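1. Would you be able to build a 3D model of this:
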Amino acid sequence: MAKKTALVLCVLILFGLFSSCSSQSDGTEQVTEAVSKRESYIPEDDSTFKLSYTQSDSLNPFDSITQNNQVLAQLVFESLFDLDDNFSATLNIASGYRYTDADVLEVTLNEGLKFSDGSALTAQDVEYSFEKAAKSPYWGNSLVGISSCRAETDAVAVFNLRYPNSYAHNLLVFPIISSEDDENGNPVGSGRYYFAIENGETVLKARKSDSFKPYITTIHLENITTSESVDNAVNIGNISFAFRDLSRDSSRKITADKKLVNMNNLVFIGINNKSSITSNQYIRKAISLAVDREMLVKSAFGGFALAAETVFNPKSELSSTKIFTKTADVNAAKQAITQSGAENLSLSLLVNSDNADRVACARLVKQQLEAAGFSVNLFEADSFDKYSQLVKSERFDLYIGEIKLPPDMSLASFFTETGDSHYGINVSESSAAQTYMKYMSGETEQGDFLLAFTGETPYVPLLYRRAMICYSKAMNGDMQGTAYDCFSNIEDWYFKTQ
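-> Sure, this is the predicted structure:
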């Protein structure tokens, strides 16, 4: 009997021990889960994130001239469409669009749109914003393909195009602003943040909603104006983020975390089609064949560019047909020279000495052309004014140029008499120019234009420059920005916990 009692007691004790262990284990799991949840919790941040701006420049996107303040505008204002890193347009505050004619584009707005001050955003605001944008120093050049905008109803805006263009909706990425400033005199938008005054200073405050719940609720602005100072500030952490267009070599020395983004800035060789030996189409073809685009990308532009394999941006859907090689074809260039029948192979090459990258590019082009048999006299103009004067008076055989093409990939700048890059091209007699306009109007196919271009070679596309978004190493978040929206997923950004 005593043995049975002892056995029962042992079983009860063991059962109690196992129950205790099980209970303790459950408790540990609960504690671990609570700790895990606490560690994954990311608090709102109203003090850490800082951006550079130019205090002396306007915060209105149509009056501002600095890259600093134009970057801020991406947070405060929305556009009808967004562009991704491949220049494909997606609807933003527009709900739909259609081409009612070859040169008429109709855009419908989303319902219930509001500015940050609570006022309604309508097609009248789109019309107002377009008129301001078309006259502005920053947006004007990209909107020359649109002649006017009118509000047909509160929800529908109609754009009249200067020429047929099935990609005209790509141009509608300009900011939409209210015609009335806020109580502090700052412009009003419908974006993710809005301008506010806090402790006597201008800041950006988040417009939190069910669809936008950022960790960064306040953005502080630091008055940093020069390019070199911005680069240094992001390197040492005085600002949290910066967009650098890499137009100057100093921006390549960024030591902060970085991501390259695509731009539509074309570097090209302008050719005088009207006089000298460059009036010969075989000579122009030889020039294109002789240049090594990949070497120019790597050596002159430090790898921050994409070689042009066609006349359109290599990241655009229009660039599927390749008509140029990345590397030089010296033998083919020499054959083209022989076909030209030219005996005097002397060329002048003009470049603006103010830009170190383009000077380096010009010097390499000179070497490459000389390897094919040309004799090249390089002239480095000592000022942009002198350079511009020589280009516009067409006193060159060749020149190194750069132009920011509009996001619809239009080449009208080269093929119209009013275009910024038409110098040296006989537009009225150019087969490429005429075929391009037929292509734009839908009268012919892209292949016909490319065939006309390669036969004539009115200019030589070299490369498309790239830009950089750079940010503090203390930041977390998958940076998905583009040149048109550096902050595309800012709601996911936060600072690492110490």
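
2. Residue 148 should be in a strand, yeah?
-> Yes. Looking at residue 148 with DSSP: H, G, I helix; E, B strand; the rest coil, it is inside a strand.

3. Show the contacting residues for the residue nearest to residue 52 when sequence neighbours are not counted.
-> For residue 52, ignoring the flanking residues on the chain, the nearest one in space by CB to CB, 6 or more residues apart in numbering is residue 224 at 4.0 Å. All C-beta atoms are positioned from the backbone trio N, CA, C, and that covers glycine. By CB atoms under 8 Å, 6 or more residues apart in numbering, the contact set of residue 224 is 52, 53, 68, 230, 233, 238, 239.

4. What score does residue 224 have for pLDDT?
-> We have a pLDDT of 93 for residue 224.

5. who are the neighbours in contact with residue 348?
-> Contacts of residue 348 by CB under 8 Å, 6+ apart are 376, 377, 379, 396, 397, 398.

6. hmm, try it at 7 Å
-> 377, 379, 396, 397, 398 (CB atoms under 7 Å, 6 or more residues apart in numbering).

7. Kindly report the same for residue 220.
-> Contact analysis of residue 220 by CB under 7 Å, 6+ apart lists 49, 50, 203.

8. now with 6 Å?
-> 50, 203 (CB atoms under 6 Å, 6 or more residues apart in numbering).

9. quick one: what helix or strand has it in it?
-> strand 218-223 (DSSP states H and E).

10. Does anything pack onto the helix or strand harbouring residue 466? Which helices or strands?
-> Secondary structure assignment for residue 466, by DSSP H and E: strand 459-471. Contacts defined by 3 or more CB pairs under 6 Å, 6 or more residues apart in numbering; DSSP states H and E place strand 459-471 against strand 241-244, strand 257-271, strand 305-307.

11. Out of those, which is the most enclosed?
-> strand 241-244 (a mean of 24; mean count of other CB atoms under 10 Å).

12. got the CA coordinates for it in CSV?
-> Output of strand 241-244 as CSV, limited to C-alpha atoms (Å, rounded to 0.1, in the frame of the first residue of the first chain):
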residue,chain,number,x,y,z
PHE,A,241,18.9,62.5,-48.9
ALA,A,242,19.8,64.3,-52.2
PHE,A,243,19.2,64.0,-55.9
ARG,A,244,22.3,64.6,-57.9
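
13. and that strand, how far from the chain's centre?
-> Strand 241-244 sits 12 Å away from the centroid of its parent chain (CA atoms, centre = their mean, to the nearest Å).

14. what is the rounded mean pLDDT of that strand?
-> 94.

15. likewise stretch 335-342?
-> Here the average pLDDT along stretch 335-342 is 97.

16. repeat for stretch 370-377
-> 98.

17. What of stretch 426-441?
-> 94.

18. and residue 338, how many neighbours?
-> 12 (other CB atoms under 10 Å).

19. before we move on, back to that, just checking: what are the partner strands of the helix or strand following the strand holding residue 466?
-> The first helix or strand that comes after strand 459-471 along the chain, using DSSP H and E, is strand 475-476. The pairing partners recorded for strand 475-476 under DSSP bridges are strand 494-495 (antiparallel).
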